[in-house]
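>>> predicted model and sequence below, questions to follow.
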Amino acid sequence: MKFLCLICAEKVMEQMAEADAERHFEEYRRFTAEIRSSGHFVGCNRLSPPHAATTVRVRQGKVSTTDGPYAETKEQLGGY
Amino acid sequence: MSENQAESARAAAEAIYRTESRRVFATLVRLLGDFDLAEEALHDAFRAALEQWPRDGVPANPRAWLVSAGRFKAIDGIRRRKRFVAIEEVAEQVDALADETPQSDGEGIEDDRLRLVFTCCHPALAPDAQVALTLREVCGLTTEEIARAFLSAAPTLAQRIVRAKAKIRDARIPYQVPTPAELPQRLDSVLRVVYLVFNEGYSASSGESLTRVDLSGEAIRLGRLLAQLLPEPEVLGLLALMLLQESRRAARTSPAGELILLSEQDRALWNRDCIAEGSALVERALASQRFGPYTLQAAIAAVHAEAASADATDWSQIMGLYDVLLRTDPSPVVELNRAVAVAMRAGPAAGLALVEAILARGDLQDYHLAHAAHADLCRRLGRTAQARASYQRALKLTRQEPERRFLERRLAELPDRDQPSRSTR
């Protein structure tokens, strides 16, 4: 079993007093060091801030039907 | 120059027109920055070739000759028209053209045709308009051929193309190489264009021959350039699909030009190099786990390519791949082909029920292959009257001679009346 720990804090750290932020970071570092030494650590990374995100939307949801190079009909004409 | 040499120079000009005219056109669009001007210059250049080549011989590099002739004709034309336009503007235009020398560009897209494909796929145009415009202007498909690829009527398509050209002009959409950052968002339309050009080469929508090697060859060439530019899984998947379907070309037509069904093809004629390259590409695309409809179609093609005989075809796997394809990219054409695979796996009655459901929805009423498939499944079930009606319907809709002759043969072979005990094969 693998667990994914999400730290959901959009810009919270940036808005804290410096000493508080530093304390949070220290707790976080301690936790990481613990799971590292107990062998439970797999990987970690910081996500980019929201302004760097790209949202993908499907525009005009329906795309036209087109023909295609399908052997099932075209090289059999439905038959054999 | 003798009469013979003059004749062969004319033949060379005609052959080059058939194979190279759209490439010359793409370069002229880049140099002149305008579709209509480029079209005119293209025809002036070929007119000059037909006059000069029989007299002076075919130049060493005919394409470069044509580009340069077209460019000078365009400059002449602009000068001639100058009394109608503000004089400075003309001077500017002529200077710009005269400075431009054929060059390789360092911006990624080396090939003018591929560059123009990307330009036509500008996001300001509706996706279908992008594809239609590209097929018409860059690949030289006729409006009728494009209409058939989109399963729609030619006048609708013609209107779409005219509107797209007007929009490019009015909105001053520049003819320029997209930056590397813009390439991915234009990729969907570009892949669809290459796919549809290949499709027209794989089975021509009209005319005397089953396939058109000029179009499938060009599509594969563009596919290779794309794969170098952006080796995304779907780009590799599309190239794989084209190579695998192309591998059977020689086996698909008899020397007399009659079409040969998959089950009767001489598999020794299949091109093993194409199959090996295509299969390796499919594997790479599948391994990425970010594949889509083109890779799935290529995987289906690979199953056929790897079958030692028609009987050894793994129809269960083909059906499974069609199930996934239908979920990824739902379309009545995919459903129809899946129905044929079902018929091969589970018998004609199971396939027929699916084909009838598709036709009953009205989706593929004008698609000749839907009626041909219906006819064939009815024939195999001994439902002669229904088979006859569907063959006749398919015959009315097909515009391609080898297909028409095939359907006529099948129609002539039908027994006079329904034969319930007929074998299902």
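That came in fine, so what should we check first?
>>> where is the longest helix in chain A?
helix A:18-37 (DSSP state H).
>>> any buried residues in the lowest-mean-pLDDT helix or strand in chain A, and which?
Least confident helix or strand of chain A, by mean pLDDT, DSSP states H and E, is helix A:12-15 with a mean of 72. Within helix A:12-15, no residue counts as buried by 16 or more other C-beta atoms under 10 Å in any protein chain shown. All C-beta spots, glycine's among them, are computed from the backbone N, C-alpha and C.
>>> could you list every helix and strand that it packs against?
helix A:18-37 (3 or more C-beta pairs under 8 Å, 6 or more residues apart in numbering or on different chains; DSSP states H and E).
>>> helices and strands around the very next helix or strand once past the helix it packs on, which ones?
Beyond helix A:18-37 on the C-terminal side, the first helix or strand identified by DSSP states H and E is helix A:71-74. In this structure, helix A:71-74 makes packing contacts with helix B:293-306, helix B:332-346, helix B:368-380, judged by 3+ C-beta pairs under 8 Å, 6+ apart.
>>> could I get the ones you listed as TSV with mean pLDDT and distance to chain A?
What follows is the helices and strands packed on helix A:71-74, written out as TSV (pLDDT from 0 to 100; distance: least, C-beta to the nearest C-beta, whole Å):
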stretch	mean pLDDT	distance to chain A
helix B:293-306	97	6
helix B:332-346	96	4
helix B:368-380	96	3
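>>> out of these, deepest packed?
helix B:368-380 (a mean of 27; mean count of other C-beta atoms under 10 Å in any protein chain shown).
>>> assess the claim that B:Phe150 and A:Ser64 are in contact.
Yes - B:Phe150 lies in contact with A:Ser64 (C-beta atoms under 8 Å); the separation is 5.8 Å.
>>> which neighbours do those two share?
Shared contacts of B:Phe150 and A:Ser64 (C-beta atoms under 8 Å, 6 or more residues apart in numbering or on different chains): B:Asp128.
>>> give me the more crowded residue out of these two.
B:Phe150 (19 against 15; other C-beta atoms under 10 Å in any protein chain shown).
>>> let me see the contact set for the more buried one.
A:64-67, B:128, B:132, B:157.
>>> could you identify which of those has the most neighbours?
Counting by other C-beta under 10 Å, top hit in the contacts of B:Phe150: B:Ala132 with 31 neighbours.
>>> mean confidence score for the helix or strand hosting that residue?
Per DSSP H and E, B:Ala132 falls inside helix B:127-137. The predicted model assigns helix B:127-137 a mean pLDDT of 85.
>>> same for it, what does it pack against?
helix B:112-120, helix B:143-149, helix B:154-170, helix B:183-202.
>>> so for B:Ala312, which of these sits nearest?
helix B:183-202 (23.3 Å; C-beta to C-beta).
>>> what helices or strands is the closest one leaning on?
Against helix B:183-202 (3+ C-beta pairs under 8 Å, 6+ apart) you get helix B:112-120, helix B:127-137, helix B:143-149, helix B:213-229, helix B:233-246.
>>> strands paired with the helix or strand just after it, and their directions?
Following helix B:183-202 in sequence order, the next helix or strand is strand B:206-207 (DSSP H and E). Here strand B:206-207 is paired, per DSSP bridges, with strand B:399-400 (parallel).
>>> heading C-terminal from the strand it pairs with, find the next helix or strand.
Next element after strand B:399-400 (DSSP H and E): helix B:401-413.
>>> if you skip the residues just before and after it, what's nearest to residue 69?
Going with chain A. Leaving aside its sequence neighbours, A:Pro69 sits nearest to B:Tyr202 (C-beta to C-beta, 6 or more residues apart in numbering or on different chains; 4.0 Å).
>>> that answer is for a different chain, and I need it for chain B
B:Ala45 (4.1 Å).
>>> what is the least confident helix or strand in chain B?
Using mean pLDDT, DSSP H and E, the lowest element in chain B is helix B:87-99, with a mean of 55.
>>> which stretches of the chain have low pLDDT?
You didn't say which chain, so I picked chain A. Where chain A drops to pLDDT under 70, the residues are A:1-4, A:6-11, A:45-63, A:77-80.
>>> my bad, the chain I had in mind was chain B
Residues of chain B that meet the cut-off, pLDDT under 70, sit at B:1, B:82-110, B:174-177, B:418-425.
>>> swap in 80 and give it another go.
B:1-3, B:19, B:33, B:80-111, B:115, B:119, B:139, B:168-169, B:171-185, B:417-425 (pLDDT under 80).
>>> quick one, phi psi at B:Gln289?
Dihedral pair for B:Gln289: phi 60, psi 20, per degrees, to the nearest 10.
>>> quick one: residues contacting it.
With C-beta under 8 Å, 6+ apart, B:Gln289 has no contacts at all.
>>> and it, how far from chain A?
Between B:Gln289 and chain A the computed distance is 18 Å (C-beta to the nearest C-beta, to the nearest Å).
>>> got it, and B:Ala389?
14 Å.
>>> now swap in B:Ala251 and tell me
Distance from B:Ala251 to chain A, by C-beta to the nearest C-beta: 10 Å.
>>> okay, the helices and strands packed on helix B:127-137, which one's buried deepest?
helix B:112-120 (a mean of 25).
>>> one step back: residues making contact with the longest helix of chain A?
Here helix A:18-37 makes contact (C-beta under 8 Å, 6+ apart) with A:7, A:13-14, A:16, A:41, A:44.
>>> again with stretch B:119-127
Under C-beta under 8 Å, 6+ apart, the answer for stretch B:119-127 is A:60, A:63, B:130-131, B:133-134, B:137-138, B:160, B:164, B:167-168, B:171, B:173, B:175-176, B:178, B:185-186, B:188-190, B:192-193.
>>> mind running it again at 7 Å?
A:63, B:130, B:133-134, B:137-138, B:164, B:167, B:171, B:173, B:175-176, B:185-186, B:189-190 (C-beta atoms under 7 Å, 6 or more residues apart in numbering or on different chains).
>>> same question, stretch B:363-380
A:73-74, A:77-79, B:151, B:332, B:336, B:340, B:343, B:348, B:351-352, B:355, B:358-359, B:386-387, B:390-391, B:393-394, B:397-398, B:407, B:414, B:424-425.
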